[in-house]
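Engineer: prediction below, plus the sequence it came from.
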Amino acid sequence: MSVYYSDKIRERAFSLFCQGMPMETISKKHFKGRPSKQTLWKWHNEEGWKKRKAEIDKEVDKGVDETLTQMRARQRRVCRAIQIEYIRDLKAGQAKILTSDIANIMKHELLLAGEATERTEGQITLIDVIKRAKAHEKALLKNAKRISKEPK
């Protein structure tokens, strides 16, 4: 004898399957054995649950990737704006941002670009970044002094 199950029950079972629950758990804990594990597997095969789940996961991942991309782009714009402000203030002799702040911004920018920021063999350390930032600051100061002496 065939038992009829509503679309609501089928969709609830599919939803639980998408959450990674085993068929036995879905059957016993969520439906008290009706539908059975075998019925759930039958629906799984007939309705292509695995393919449906993969399509849903793909859409979700796409949305997450777009959101992360937008967030990274915004954060990179902020990093650039801070660096531009630093250079402007440095030229005017009113630098409010410390070299260590710039080093942290550079580290954050590397993270946004997907680069490593901690040292392993042959990689840059934060200390190296700070040293480079200080050298960069000296060069910027030198350049700012030169620019300020140029006739306008």
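Structural biologist: Structure received. Residues are numbered from 1 along each chain as shown.
Engineer: CA atoms for contacts and neighbours, from now on please.
Structural biologist: Will do.
Engineer: output the below-cut-off pLDDT ranges for this protein.
Structural biologist: Applying pLDDT under 70 to the chain picks out residues 1, 63-66, 68, 97, 99, 112-129, 142-152.
Engineer: domain-wise, how is it divided?
Structural biologist: Split into domains by automatic domain parsing, the chain comes to 7-47, 52-149.
Engineer: reformat these as TSV; add mean neighbour count.
Structural biologist: Converted to TSV, the domains of the chain look like this (neighbours: other Cα atoms under 10 Å):
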stretch	mean neighbour count
domain 7-47	15
domain 52-149	14
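Engineer: ok now the helix or strand hosting Asp101, how far from the chain's centre?
Structural biologist: Applying DSSP states H and E as the criterion places Asp101 in helix 99-112. Between the mean C-alpha location of helix 99-112 and the chain-wide mean there is a distance of 17 Å, by Cα atoms, centre = their mean, to the nearest Å.
Engineer: which residues does Leu141 contact?
Structural biologist: Shown in contact with Leu141 (Cα atoms under 8 Å, 6 or more residues apart in numbering): Leu90, Lys91.
Engineer: quick check: which element contains it?
Structural biologist: Assigned by DSSP H and E, Leu141 falls in helix 126-149.
Engineer: ok, now Arg76?
Structural biologist: helix 49-91.
Engineer: what is that helix packed up against?
Structural biologist: helix 99-112, helix 126-149 (3 or more Cα pairs under 8 Å, 6 or more residues apart in numbering; DSSP states H and E).
Engineer: compute the inter-axis angle for the helix holding Asp101 and helix 49-91.
Structural biologist: For helix 99-112 against helix 49-91, the angle by axes from the mean of the first three to the mean of the last three Cα atoms, to 10 degrees is 160 degrees.
Engineer: elements contacting helix 99-112?
Structural biologist: Applying 3+ Cα pairs under 8 Å, 6+ apart, one finds that helix 99-112 makes contact with helix 49-91, helix 126-149.
Engineer: need the ones you listed in TSV (columns: distance to Leu16).
Structural biologist: Compiled in TSV, the helices and strands packed on helix 99-112 are given as follows (distance: least, Cα to Cα, whole Å):
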stretch	distance to Leu16
helix 49-91	11
helix 126-149	45
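Engineer: for Glu109, find the nearest of those helices.
Structural biologist: helix 49-91 (6.3 Å; Cα to Cα).
Engineer: since that was my last question, I'll sign off now.
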